[in-house]
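Participant: Sequence below, structure please.
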Amino acid sequence: MMEVREKTDVIVVGAGHAGCEAALACARLGLETIIFTMSADNIAFMPCNPHIGGSSKGHLVREIDALGGEMAKVIDKTFLQSKMLNTSKGPAVHSLRCQADKMEYSKTMRKVLESQERITIKQAEVSEILFEEVTDPELKKEGYLRKITGVKIFSGMIYEAKAVILCTGTYLKSRCLTGEAITYSGPNGLLPSNLLSDSLIKAGIELRRFKTGTPARMDGNSIDYSKMAEQFGDTPVIPFSFDTDPADVQKPQVSCWLTYTNEKTHEIIRNNIDRSPIYAGIIEGIGPRYCPSIEDKVVKFPDHERHQVFVEPEGTYTNEMYIDGMSSSMPEDVQLAMYRTVPGLENCKIVKNAYAIEYDCLCPGQLNPTLEIKNVRGLFSAGQFNGSSGYEEAAAQGLYAGINSAMQIFGKEYLTIDRSEGYIGVLVDDLVTKENLEPYRMMTSRAEYRLLLRQDNADIRLRGKGHEVGLISDEKYEKLLEKERLIKEEVDRLKATSVGANSRIQDFMERNGSTPLKTATTLAELICRPELTYENIAEIDPDRTLLPADVVEQVEITIRYEGYISRQERQVEQFKKLEKKLIPADIDYNDVSSLRLEARQKLEKFRPFNIGQASRIGGVNPADISVLIIYLDSVMRGNTNEN
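Facilitator: Purely as a prediction, here's the structure:
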C-alpha cells in the first residue's frame, strides 16, 4: 500500500476533557491542530458522574477559565443544578459544583471545537507514535533520547506533527468488569485503544495499570423519591466563568436526592464479597483511594452503619438517574439486590450496570514540569494517562500541556504555575514529583497556600498569565486591571474612613448585635467583626459608591482575612527562594557523595528542576536537601573561579 502522509502542527490523541482543552489552546494560539477521537459523537463525554466542580475541583475550573480555557463557559450553558459548597467554612474552601446535562455538555463542547479555526476533528484510532533518535547535543544534554515526528492511525495513514499530546483517558487496553463478566471495551461500551500502548513502550515509556469505576444508572420512573431528601440548587446562581453574565445563568433548576445505604445493603455486599473482581484478584489495576466502590467502603469502614447515596439526573433528554456513592464492580444479581435495599430504590430498574474499568497509564517520574514526557522531545500528556482522576484535573492538564506544546513550537518561554500561584500548579507539581500509587485526585488539603488560592480570585491570580501566553484578549485583561484598581481603592478608603462612638453609630452597633464602640474606629476594622459585613455597614458609610459584586467580594475577603493572607504571603516568599535555586539538567547525583542511597535513587528518577521540587520528592529528607544545596554552591563557586 502506498504510504500516505499529512502534515500539521499539533496532534491531540483523545477528545475527552483534557483533549478538548489542549486542542483549543493550540488552535487559538495559531497552530494547525488535529484531534483524534475513538468516537466523534462522544467528545467531552462524561462516563462517570455528570457534574463539573466540587471541593477543590471548582478551583481548577475557575483557573482554567482565568487562563483562557473552555470548561467553565460550557458548564455555564449546560448545567441542571448549581451549588456553592462549604459555605459554612472560610472562603479558601468554597467550591462551586454544577450538575451537568451530560449530552448537552458534550454537544456544546463539540460545537466549540467545530467552530474553532485551525481544529480538525478526526474519528480514528491512533495506533502508533512516530519518533526519531535525538542527535542534537543540546537536546541530549537536556535529557532527550527521542524526538516526536507524528503518529500513525489504524488505517495506516501517517500524520506528521511538531508536537503530540496524549489525552487517552481510560481507553488504553481498557476492560470493564461487572463481577465475573469482563468486556474488553472503553467506558460505557465505547471502543478501546489496544495498539498505542505497545508503541509507547517501544519509545521507552513505562506504563502501569490503574482502575476506576462508576455506579449503575437507574430508570427514574422506577424510583420512589418520596423516601429521599430533596436537594435544591442555589439561588441566585453564581456562574463558573468570569466572562459569563450572572443574569444568563438564572434559570429553573432540577433537584437531586439524598438517601442512604443500611445494614441490609452491607450484609448483601459482605456475603458476596468473594464475587467482587476487586477482592477476587481479577482486577490488576489500583483504584482511587478517595472515590472508593461501595464494597470498599463496607469492607474498610465496618463501623459505619450507613453511607450517603445521591440520586442525580443524567440530563433532560433522559429519565436515567446516576446513583452517586454506590460505585461497584459486583455481579449484576448482587447489584440489583443491594440497590433495592436502599430507601427509594426498592423497585428500581437498572438501565446500565455499575462496572470497574482498568486501563494503561504513565508510571511516575517521567514528566517534566511542562507535562512533556522527559525523554521524548515534543511528546506531551495530560489527564488520566498521567495517573490522575476527574474531569477537572484532566481539563487543567490538557490546557497546560496544550499551552506548553505551543510555547515549545514557537520557541517561547514555557508557562509555569507554581504551588503558590494556583491549584493547577499543585496538581502538576504533585504529578511530577510524587510517586502516586493510586489515581490522583485534587483536594484543598493538598494546597499549602489555599487561603491565597481561592476560587473567587482565580482571575486575579492567573488571568495575567493567560494574557501573556495569548489566550486572554487585551480587552479582558484591561477589565481585570480595572477590577484590581477598584478593589485597592476601596480597601484603602475603608481603612482611611473612621466613625466615632456617637449615638447614631452605637445604635447601629446594637441593632446588629455588635459590641458598642469605646473610641473611633475605621470601617475596615468594623468589617473584621464576624457579625458585620461590607453590605450592612452601608448604613454608616454614606460616601461609598456602587461597586460590582465581584469587587465587593474581594474587598471584604481582603480586609477580613488580611492577617492570615499576609502570613501566607511571607511563607510563599520562603518557598520562592527554593524554587529559584535551579539544579543543572546534567547533574550526576553519584558525584554528591554525602547523599543517602535512597535520596540519590529518587533524585535520579525524578530529575527535579530546582531545590523546591527536590524537597517534595518522597524519600528525600531535609538533610539530603542541605547536602544538595552545599554541593550546588560548591559547584557554582568552582565555575566562578574558573571564569
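
Participant: Quick one: end-to-end length of stretch 51-69, please.
Facilitator: 18 Å (C-alpha to C-alpha, to the nearest Å).

Participant: what's the spacing between that stretch and its chain's center?
Facilitator: 7 Å (C-alpha atoms, centre = their mean, to the nearest Å).

Participant: avg pLDDT for that stretch?
Facilitator: Regarding stretch 51-69, the rounded mean pLDDT is 97.

Participant: Looking at this protein, which residue reaches furthest from the middle?
Facilitator: Each residue of the chain has a distance to the centre, and by C-alpha atoms, centre = their mean the biggest one is for residue 503: 52.5 Å.

Participant: How about the contacts made by that residue?
Facilitator: With contact set as C-beta atoms under 8 Å, 6 or more residues apart in numbering, residue 503 has no partners. No exception for glycine: its C-beta is placed from N, CA and C like everyone else's.

Participant: How about residue 194?
Facilitator: Contacts of residue 194 (C-beta under 8 Å, 6+ apart): 173, 184.

Participant: quick one, helices of the stretch 451-600 of the chain?
Facilitator: For the stretch 451-600 of the chain, the helices defined by DSSP state H, counting those that start in this stretch occupy 458-469, 474-496, 503-511, 523-527, 549-560, 562-580, 597-606.

Participant: Any chance of a markdown table for those helices, columns mean pLDDT and distance to residue 5?
Facilitator: Listed next are those as a markdown table, based on pLDDT from 0 to 100; distance: least, C-beta to C-beta, whole Å:
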| stretch | mean pLDDT | distance to residue 5 |
| --- | --- | --- |
| helix 458-469 | 98 | 30 |
| helix 474-496 | 98 | 39 |
| helix 503-511 | 95 | 76 |
| helix 523-527 | 97 | 65 |
| helix 549-560 | 97 | 50 |
| helix 562-580 | 93 | 43 |
| helix 597-606 | 92 | 37 |
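
Participant: Can I get these in a markdown table including distance to residue 106?
Facilitator: A markdown table is the format used below for those (distance: least, C-beta to C-beta, whole Å):
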| stretch | distance to residue 106 |
| --- | --- |
| helix 458-469 | 25 |
| helix 474-496 | 27 |
| helix 503-511 | 52 |
| helix 523-527 | 44 |
| helix 549-560 | 30 |
| helix 562-580 | 39 |
| helix 597-606 | 37 |
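
Participant: Can you pull out the low-pLDDT segments for the chain?
Facilitator: 1-2, 290, 636, 638-643 (pLDDT under 70).

Participant: Tell me how it divides into domains.
Facilitator: 5-213+359-469, 217-357, 474-565, 581-642 (automatic domain parsing).

Participant: Make JSON lines out of those domains and add distance to residue 574.
Facilitator: Output for these, formatted as JSON lines (distance: least, C-beta to C-beta, whole Å):
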{"stretch": "domain 5-213+359-469", "distance to residue 574": "10"}
{"stretch": "domain 217-357", "distance to residue 574": "30"}
{"stretch": "domain 474-565", "distance to residue 574": "16"}
{"stretch": "domain 581-642", "distance to residue 574": "10"}
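
Participant: and those domains, which is most packed in?
Facilitator: domain 5-213+359-469 (a mean of 22; mean count of other C-beta atoms under 10 Å).

Participant: which element is residue 31 on?
Facilitator: Assessed by DSSP states H and E, residue 31 sits outside every helix and strand.

Participant: roughly how far apart are the closest residue to it other than its chain neighbours and residue 308?
Facilitator: Distances taken as C-beta to C-beta, 6 or more residues apart in numbering place residue 9 nearest to residue 31, at 3.9 Å, with adjacent residues excluded. Counting by C-beta to C-beta, to the nearest Å, the gap between residue 9 and residue 308 amounts to 47 Å.

Participant: Spatially central, which residue of the protein would that be?
Facilitator: Centroid check for the chain by C-alpha atoms, centre = their mean gives residue 393 as the closest residue, at 2.1 Å.

Participant: Need the CA coordinates for stretch 166-177. CSV is fine.
Facilitator: Output of stretch 166-177 as CSV, limited to C-alpha atoms (Å, rounded to 0.1, in the frame of the first residue of the first chain):
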residue,chain,number,x,y,z
LEU,A,166,-1.6,12.2,24.7
CYS,A,167,-5.0,12.6,26.3
THR,A,168,-6.1,8.9,26.1
GLY,A,169,-8.2,8.8,29.3
THR,A,170,-9.2,5.3,30.3
TYR,A,171,-9.1,3.8,26.8
LEU,A,172,-5.6,2.3,26.6
LYS,A,173,-6.1,-1.5,26.6
SER,A,174,-9.2,-1.0,28.7
ARG,A,175,-11.5,-3.6,30.0
CYS,A,176,-14.7,-3.3,32.0
LEU,A,177,-15.6,-5.7,34.8
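
Participant: so the residue nearest to the centre of the chain is in which element?
Facilitator: Assessed by DSSP H and E, residue 393 sits inside helix 391-410.

Participant: Between helix 458-469 and that helix, find me the angle.
Facilitator: Computed with axes from the mean of the first three to the mean of the last three C-alpha atoms, to 10 degrees, the direction of helix 391-410 lies at 20 degrees from that of helix 458-469.

Participant: Can you name the next helix or strand after helix 391-410?
Facilitator: Going down the chain from helix 391-410, the next helix or strand is helix 423-433, by DSSP H and E.

Participant: Show me what that following helix is packed up against.
Facilitator: With contacts taken as 3 or more C-beta pairs under 8 Å, 6 or more residues apart in numbering; DSSP states H and E, helix 423-433 sits against helix 57-67, helix 391-410, helix 611-615.

Participant: and the ones you listed as JSON lines, adding distance to residue 80?
Facilitator: Formatted as JSON lines, the helices and strands packed on helix 423-433 follow (distance: least, C-beta to C-beta, whole Å):
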{"stretch": "helix 57-67", "distance to residue 80": "16"}
{"stretch": "helix 391-410", "distance to residue 80": "16"}
{"stretch": "helix 611-615", "distance to residue 80": "41"}
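
Participant: ok, residue 532 - contacts?
Facilitator: Contacts of residue 532 (C-beta under 8 Å, 6+ apart): 512, 514, 526.

Participant: Next, the contact list for residue 359, please.
Facilitator: By C-beta under 8 Å, 6+ apart, residue 359 lies in contact with 169-174, 209-211, 285, 384.

Participant: and what of residue 435?
Facilitator: 364-365, 618.

Participant: Looking at the helices and strands packed on helix 423-433, which is nearest to residue 110?
Facilitator: Taking C-beta to C-beta as the criterion, residue 110 comes closest to helix 391-410 out of the helices and strands packed on helix 423-433, the separation being 15.0 Å.

Participant: quick one: terminal-to-terminal distance for stretch 407-427?
Facilitator: With C-alpha to C-alpha, one end of stretch 407-427 sits 20 Å from the other.

Participant: circling back: return the member of the contacts of residue 359 nearest to residue 275.
Facilitator: Residue 275 lies nearest to residue 211 out of those, by C-beta to C-beta, at 17.0 Å.

Participant: Residue 571: which of the domains of the chain is closest?
Facilitator: Per C-beta to C-beta, nearest to residue 571 of the domains of the chain: domain 5-213+359-469, 6.8 Å.

Participant: Show me how far the closest one is from its chain's centre.
Facilitator: For domain 5-213+359-469, the distance to the chain centre is 9 Å (C-alpha atoms, centre = their mean).

Participant: same thing with stretch 501-516?
Facilitator: Distance of stretch 501-516 from the chain centroid (C-alpha atoms, centre = their mean) equals 46 Å.

Participant: Begin at 375, not 1, for the rest of this chat.
Facilitator: Done: numbering now begins at 375, and the last item shifts to stretch 875-890.

Participant: Using PDB, write down the CA coordinates of that stretch.
Facilitator: Taking Å, rounded to 0.1, in the frame of the first residue of the first chain, the C-alpha atoms of stretch 875-890 are listed here in PDB:
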ATOM      1  CA  ALA A 875     -18.600  56.500  69.100                       C
ATOM      2  CA  ASN A 876     -21.600  58.800  68.800                       C
ATOM      3  CA  SER A 877     -25.200  57.800  69.500                       C
ATOM      4  CA  ARG A 878     -26.100  57.000  65.800                       C
ATOM      5  CA  ILE A 879     -23.100  54.600  65.500                       C
ATOM      6  CA  GLN A 880     -23.800  53.000  68.900                       C
ATOM      7  CA  ASP A 881     -27.500  52.400  67.900                       C
ATOM      8  CA  PHE A 882     -26.300  50.800  64.600                       C
ATOM      9  CA  MET A 883     -23.900  48.500  66.600                       C
ATOM     10  CA  GLU A 884     -26.600  47.500  69.000                       C
ATOM     11  CA  ARG A 885     -29.100  46.700  66.200                       C
ATOM     12  CA  ASN A 886     -26.500  44.400  64.500                       C
ATOM     13  CA  GLY A 887     -25.600  42.600  67.700                       C
ATOM     14  CA  SER A 888     -22.100  44.100  67.800                       C
ATOM     15  CA  THR A 889     -20.200  45.400  70.900                       C
ATOM     16  CA  PRO A 890     -20.500  49.200  71.300                       C
END
